[in-house]
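[1] Pasting the sequence and the predicted model now:
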Amino acid sequence: MGEELTLDEFSALKQIAAMGWQKTRPSACVARNIKRLTGLKYVSHTKGMPTLTEKGKQTLFLHQCVEALCQLDANASLPVPPDVATFLERKGHVSGNATDGFVITAKGKECLDDINSRAKVR
């Protein structure tokens, strides 16, 4: 992807996804970040309303996956959304099931360590 988004920009993406087709006024967070997110092709304007592009949806989903991995690392009994759990299982980052809880595999730990090392470099 190349572009690194701030936490505020991720929050704006989440809010845009939650807005859907409601004709509500965007929050200050969305208004503050909409220009950059549109320029990076994460958001488009459809009939005057900001909507997520495919790139925005993928980025938001991957962010949810990383958050889930971090949460599972801290506490393995936390619930994980079904679509995120399916993705992480297919990629081999977690094993287990929703009733017994998920366990991070060696590949998942390696991925998490890589993410943490990149975050420290910035």
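    Alright, I've got the coordinates.
[2] Phi, psi for the nearest residue to residue 26 once chain neighbours are set aside please.
    Leaving aside its chain neighbours, residue 26 sits nearest to residue 50 (6.5 Å; criterion: CB to CB, 6 or more residues apart in numbering). For the C-beta atoms, the positions are set from N, CA and C on the backbone; glycine is no exception. Note on residue 50: backbone dihedrals following degrees, to the nearest 10 are phi -70, psi 130.
[3] What distance do you get for residue 50 to residue 15?
    9 Å (CB to CB, to the nearest Å).
[4] and these two? which has more neighbours close in?
    Neighbour count, other CB atoms under 10 Å: between residue 50 and residue 15, residue 50 has more, with 22 against 15.
[5] Confirm for me that that one is in contact with residue 33.
    No - the criterion here is CB atoms under 8 Å, and residue 50 misses it with residue 33 at 10.0 Å.
[6] How about residues contacting stretch 64-77?
    78, 80-81, 84-85, 87-88, 93-94, 101-104, 108-109, 111-112, 115 (CB atoms under 8 Å, 6 or more residues apart in numbering).
[7] pLDDT at the residue located most distally from the centre of the chain, what is it?
    Largest separation from the mean C-alpha position in the chain: residue 47, at 25.5 Å (CA atoms, centre = their mean). With respect to pLDDT, residue 47 has a value of 78.
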